[in-house]
Every structure is written in structure tokens, then in C-alpha cells.
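I'd like to go over a predicted model; first the sequence, then the structure.
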Amino acid sequence: MNTVIIVGRVGKDAEIKDYESGRSRTTFSLAVNRWDSKTASEVTDWFNCEVWDITNDLSSSGKKSRARLAYEYIKKGRLVAVDGRIRANSWQDQSGENRLSYIITVSDYRLLGSKKES
């Protein structure tokens, strides 16, 4: 089973992309702090998150899609909890270095903290 739950701070305001198919995808990054015993300091792990629409017919019902709501409410600095599945994404950067990042396909998210934070 591939399930992940993380809580972190949003790195920058969420971005949305609308596709010709009618679906939308909202993306944002989460900074998650953890203790590193080797360096005896806190380090930050970054996770890229994506929220997809569940169905294509939400716009005709007058309701906002999951992706659109995430885009409107997930803002830089906000504390967010996400549930989803994680996958690794590897690529080569411009200098030829191999890179690895992790992408979480979000099945559910919760905005944490006070309204003053948003």
C-alpha cells in the first residue's frame, strides 16, 4: 500500500493548470522539518504536491472543483496536512546531474492553523 500523510508549510502560492480535457491540476510545494541527528540540527525536506479534479462535470453543477478550491486556499506559509500517494520523479538537470524529487498525488488535504495565517 502506498499511503503518505505529511504536515508542512506551503513554499509558495499554489498554481493551477487547466487541460483541454476539462480537468485541472493544482500544484504546490510543502516544506516538512525533521531532526537530523548526524548534524544535530533541523533540516527541511521539500515535497511537490498535486491536486487533480475528481470529475469533469463539476463546472456544470456550479460547484468548484477540488483543484480550484486548493488553488484558492493554499497560500505561501500556510500550514497544510495532506494525505495521498507518493512517487519518485528522477531527471537530469542542465549540468547533467541526476536529480530526484518526490511528488504526492493528494487525495485529501486540510488547512491547519488560524484564519489569520491565510
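In hand now; what should we look at? Numbers count the residues shown, from 1 in each chain.

where do the strands sit along the protein?
Remark: strands assigned in the chain by DSSP state E are 4-10, 15-18, 24-36, 41-52, 79-92, 98-112.

turn these into TSV, including mean pLDDT, distance to Ala67 and mean neighbour count.
All C-beta spots, glycine's among them, are computed from the backbone N, C-alpha and C. Shown next, in TSV, are the strands of the chain (pLDDT from 0 to 100; distance: least, CB to CB, whole Å; neighbours: other CB atoms under 10 Å):
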stretch	mean pLDDT	distance to Ala67	mean neighbour count
strand 4-10	96	15	16
strand 15-18	95	6	13
strand 24-36	95	4	16
strand 41-52	95	5	15
strand 79-92	95	13	14
strand 98-112	94	10	15
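
got JSON lines for the ones you listed, with distance to Ser65 too?
Below are the strands of the chain laid out as JSON lines (distance: least, CB to CB, whole Å):
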{"stretch": "strand 4-10", "distance to Ser65": "19"}
{"stretch": "strand 15-18", "distance to Ser65": "10"}
{"stretch": "strand 24-36", "distance to Ser65": "6"}
{"stretch": "strand 41-52", "distance to Ser65": "9"}
{"stretch": "strand 79-92", "distance to Ser65": "17"}
{"stretch": "strand 98-112", "distance to Ser65": "13"}
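
which one of those strands lies closest to Lys63?
Across the strands of the chain, Lys63 has its closest neighbour in strand 24-36 (13.1 Å, CB to CB).

show residues contacting the closest one.
Identification of contacts with strand 24-36 by CB atoms under 8 Å, 6 or more residues apart in numbering yields 6-19, 41-53, 65, 67-68, 70-71, 74, 80, 82, 104.

the same query, at a cut-off of 6 Å, please.
For strand 24-36, contacts defined as CB atoms under 6 Å, 6 or more residues apart in numbering pick out 6, 8-11, 14-18, 42-53, 65, 67, 70-71, 74.
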